[in-house]
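Trainee: Turn this into a structure:
(one chain, ligands or ions: 1)
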Amino acid sequence: MKYAFISDIHGNLAALEQVFKLVEILECDKIICLGDIVGYGPFPNACIKAIRRRADQIVIGNHDSAAIIKTPMTYFNKYAKEAIYWTRRELSDENKTWLESLDFVHLEYRFRAVHATPHSPEKWDYILTLPDAFFNFVRFPEKICFIGHSHVPVVFKYHDETEDVTMEPGPAVGLLDDSRYIINVGSVGQPRDRDPRASFGVYDDNLQVFRLYRTEYNIAATQSAMQERGLPGFLIQRLESGE
Ligand code: ZN
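Mentor: Next up, the predicted model:
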């Protein structure tokens, strides 16, 4: 089975449509969305519609949760807050009700999927360092946990015997029998690793290989839609720098 993992779409429809095109070319069997469908970007309702149609499993992200007033605004900086207030006004009642139905965790035989951390997905902590990763590795049983949230793709590896945690260089990583993994698939709609292209990952559970993909999309189209809607300039600018 080939699973596509997409995360942090943030209302960026042009990026999402481009990712779906590539997922189709790659003949993925299932699409799993790791949350943050809305927030920051100009097309929250259209992105929810596309995700509802195409994704097989979806977990909730912190911006989705804030959009339905379930995560307090103290978690967000001023640009994020401004975009969340705008998103709340924009979202249809039906889409708000649908966001209410999302869970924090999706479980399968070999992996779990969350937005933030396997240890406490509802707290919206980050896994950025090797100690962050170690803390989480000893708190979930599956071989892999797929995450998003930081908008920076990375593969952490935990060796069962030595308990060593390392970062694996990509874009393709062969998954070993004696190791477990926390895999951040990056962001579709607002990458922050200095590469502005949309990011997503594909896990092949027959070959036991994970591969990160990047794809260009029409950044200017998303930026002008954000401008028309009066979204913060900082958020518009960061799409082209990818920071
Ligand atoms: Zn996000």
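
Trainee: Near the ion, which residues of this protein are found?
Mentor: Applying C-beta under 5 Å from the ion, we find that the chain lies next to the ion at 8, 36. Heads up, the C-betas are built off the backbone N, CA and C, glycines and all.

Trainee: wait, isn't P153 in contact with S199?
Mentor: Yes. Between P153 and S199 there is a contact under C-beta atoms under 8 Å: 5.4 Å.

Trainee: Between these two, which is the more surrounded one?
Mentor: S199 (31 against 24; other C-beta atoms under 10 Å).

Trainee: Pretty sure the more buried one sits in a helix.
Mentor: No. Secondary structure of S199 (DSSP: H, G, I helix; E, B strand; the rest coil): strand, not part of a helix.

Trainee: which residues does it contact?
Mentor: 153, 185-188, 191, 193, 212-214 (C-beta atoms under 8 Å, 6 or more residues apart in numbering).

Trainee: Repeat that for D178.
Mentor: So, once contact is read as C-beta under 8 Å, 6+ apart, D178 ends up touching 159-161.

Trainee: Relative to A220, how far out is it?
Mentor: 47 Å (C-beta to C-beta, to the nearest Å).

Trainee: Y75 now?
Mentor: Counting by C-beta to C-beta - Y75 and A220 are separated by 30 Å.

Trainee: CA atoms only for the strand or helix carrying M226 - export them in CSV, please.
Mentor: Secondary structure from DSSP states H and E places M226 in helix 219-228. Presented in CSV, the C-alpha positions along helix 219-228 are these (Å, rounded to 0.1, in the frame of the first residue of the first chain):
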residue,chain,number,x,y,z
ILE,A,219,2.5,31.1,-5.5
ALA,A,220,1.5,34.5,-7.1
ALA,A,221,-2.1,33.3,-7.4
THR,A,222,-2.3,32.5,-3.7
GLN,A,223,-0.6,35.8,-2.8
SER,A,224,-3.0,37.9,-4.8
ALA,A,225,-6.0,36.1,-3.3
MET,A,226,-4.6,36.9,0.1
GLN,A,227,-4.1,40.5,-0.8
GLU,A,228,-7.7,40.8,-2.0
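
Trainee: The helix or strand just after that helix vs helix 219-228, what angle?
Mentor: Toward the C-terminal end, the helix or strand that comes next after helix 219-228 (DSSP H and E) is helix 233-241. Here the directions of helix 233-241 and helix 219-228 differ by 180 degrees (axes from the mean of the first three to the mean of the last three C-alpha atoms, to 10 degrees).

Trainee: List the contacts of helix 233-241.
Mentor: By C-beta under 8 Å, 6+ apart, helix 233-241 touches 12, 40-41, 79, 83, 190, 192, 194, 196, 219, 222-223, 226-227.

Trainee: Apply 6 Å and report the result again.
Mentor: Residues from elsewhere that reach helix 233-241, judged by C-beta atoms under 6 Å, 6 or more residues apart in numbering: 40, 79, 196, 219, 223, 226.

Trainee: cool, stretch 202-222 as well?
Mentor: 1-4, 12, 14-15, 18, 22, 153, 170-175, 183, 197-201, 239-240.

Trainee: cool, and stretch 102-109?
Mentor: Contacts to stretch 102-109, defined as C-beta under 6 Å, 6+ apart, come from residues 57-60, 112-114, 121-122.

Trainee: One more: stretch 153-170?
Mentor: Applying C-beta under 6 Å, 6+ apart, the set of residues contacting stretch 153-170 is 130, 133-134, 137, 173, 178-184, 186, 199, 212.
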